[in-house]
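In: test case, fold it:
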Amino acid sequence: MWKYFKKIIYYLKETFTNMIKFLDLQKINAQYAEELKKAAEEVIDSGWYLLGESVNRFETNLANYIGVKHAIGVANGLDALRLILKAYIEIGFMKEGDEVIVPANTYIASILAITDNRLKPVLVEPDFKTYNLDFDKIEERITERTRAIMVVHLYGQICWGRKLEEIRRRYNLKIIEDNAQAIGAEWNGLKSGALGDSAGFSFYPGKNLGAIGDAGAVSTGDDKLAEIIRALGNYGSRQKYHNEYQGLNSRMDEIQAAFLTIKLKYLDKENDRRREIAQFYCENITNKDIVLPCHKDHLLSKSLKFDFTHVWHLFVIRTRLQNELNSYLTSNNIQSLIHYPVPPHKQQAYKEWNIVTFPITEKIHSEVISLPISAVMTDEEVISVVKAINSF
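Out: Here you go, the predicted model:
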């Protein structure tokens, strides 16, 4: 019996060892291990673990990188969005019951931030080609209670355009960027996080710029907004024991700020590697059952490597054989994921929406599969993924 179990353990170990991981976080962070360990040691030895020099340094570096006046470190990406909306309420631009337009196919965090502030999410279908918010569907959902549009740069692709800017001006709306997945992406020379009135960032470990733990940030060029967000994230206080607002405890740890300062230096290089992998996938995946997140006319016009509107946080394909392909890739030692299997309006958390139908969103969620993509993938691994997809 013991020999039988040993064989199973050996088989599982071999399978896992040979598996092409969806995202090898250990390998990603191993590249910078010495710098990260030194940074951790310096923070530990400093005796100062919150709201100190490491956070100040990272905020300055991040603001400079994005090209904005203010970057405020917070505990996580959800809090970044929660605090932005809470600050707009404190300023008086929004009040309970006001509406925020948001894509129906986003990750649920975008919507949680809205409802947590007792604002009303107004779900709008995405563009079926880009998976980003369909600008042509926004105006029909605007009412006298609409105060903002939350654009989500989904999967790493910029969600922006002239029509969006015209809608903002016409209806006097704020544009909030959910920039959890697209740090480093650009639109006409401006980086994501500098396009709207404010933006929320997530530094969850699996993001293109990932902490070794949880962390987030807000960016904005609005002095007043930044001042209030900074206070709101510190119990609503600018001066210890003096609380101006009903705030939160949402502060970036010194040690995560130190780690992120190091990893920010390598972000552009890692994003470029993601573009190279995406380019190879787009040019070499030929299976007719697969819908790629890129089009032949786009490939002919320019190289994806130099398309800075996308940083490929995820490489998402579509197929009507979602479960079959997922199982097939697993059997071929390739780890794929589904982002996201259940759309927000079908979640138990929002059961009042369960009877509503968003056909495009539902079709996307029932067909998408995310392939491995990261800066530490080898050429051999990328080729293996392509071969597996083409042989399915």
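In: let me see the ranges of the strands in the stretch 51-200 of the chain.
Out: 70-74, 99-103, 120-124, 146-152, 174-178, 186-187, 190-191, 198-202 (DSSP state E, counting those that start in this stretch).
In: among the ones you listed, single out whichever gets nearest to residue 228.
Out: Distance to residue 228, taken as Cβ to Cβ, is lowest for strand 70-74 among those, at 10.1 Å. (C-beta placed from N, C-alpha, C; glycine too.)
In: which other helices and strands does the closest one contact?
Out: Contact here means 3 or more Cβ pairs under 8 Å, 6 or more residues apart in numbering; DSSP states H and E; on that basis strand 70-74 packs against helix 53-66, strand 216-220, helix 223-232.
In: same list (the ones you listed) but as CSV, adding mean neighbour count.
Out: Listed next are the helices and strands packed on strand 70-74 as CSV, based on neighbours: other Cβ atoms under 10 Å:
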stretch, mean neighbour count
helix 53-66, 19
strand 216-220, 29
helix 223-232, 20
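In: for residue 158, which of the ones you listed is the nearest?
Out: helix 53-66 (13.2 Å).
In: how far off centre is the closest one?
Out: 19 Å (Cα atoms, centre = their mean, to the nearest Å).
In: please apply the same query to stretch 373-386.
Out: Distance, centroid of stretch 373-386 to centroid of chain: 21 Å (Cα atoms, centre = their mean).
In: ok, stretch 128-142 next?
Out: Using Cα atoms, centre = their mean, the offset of stretch 128-142 from its chain centre is 19 Å.
In: ok, residue 125 - contacts?
Out: When the contact criterion is Cβ atoms under 8 Å, 6 or more residues apart in numbering, the partners of residue 125 are 103-105, 134, 137, 358-361.
In: just those: which are in helices?
Out: 359-361 (DSSP state H).
In: how near is the nearest residue to residue 249 once chain neighbours are set aside to residue 31?
Out: In this structure, residue 249 finds its nearest non-sequential neighbour in residue 235, 6.0 Å apart by Cβ to Cβ, 6 or more residues apart in numbering. Residue 235 sits 37 Å away from residue 31, taking Cβ to Cβ, to the nearest Å as the criterion.
In: ok, these two, which is more surrounded?
Out: The neighbour comparison of residue 235 against residue 31 (other Cβ atoms under 10 Å) goes to residue 235, with 18 against 14.
In: who are the contact partners of the more buried one?
Out: Here residue 235 is in contact with 243, 247-249 (Cβ under 8 Å, 6+ apart).
In: return the distance of it relative to residue 59.
Out: In terms of Cβ to Cβ, residue 235 sits 19 Å off from residue 59.
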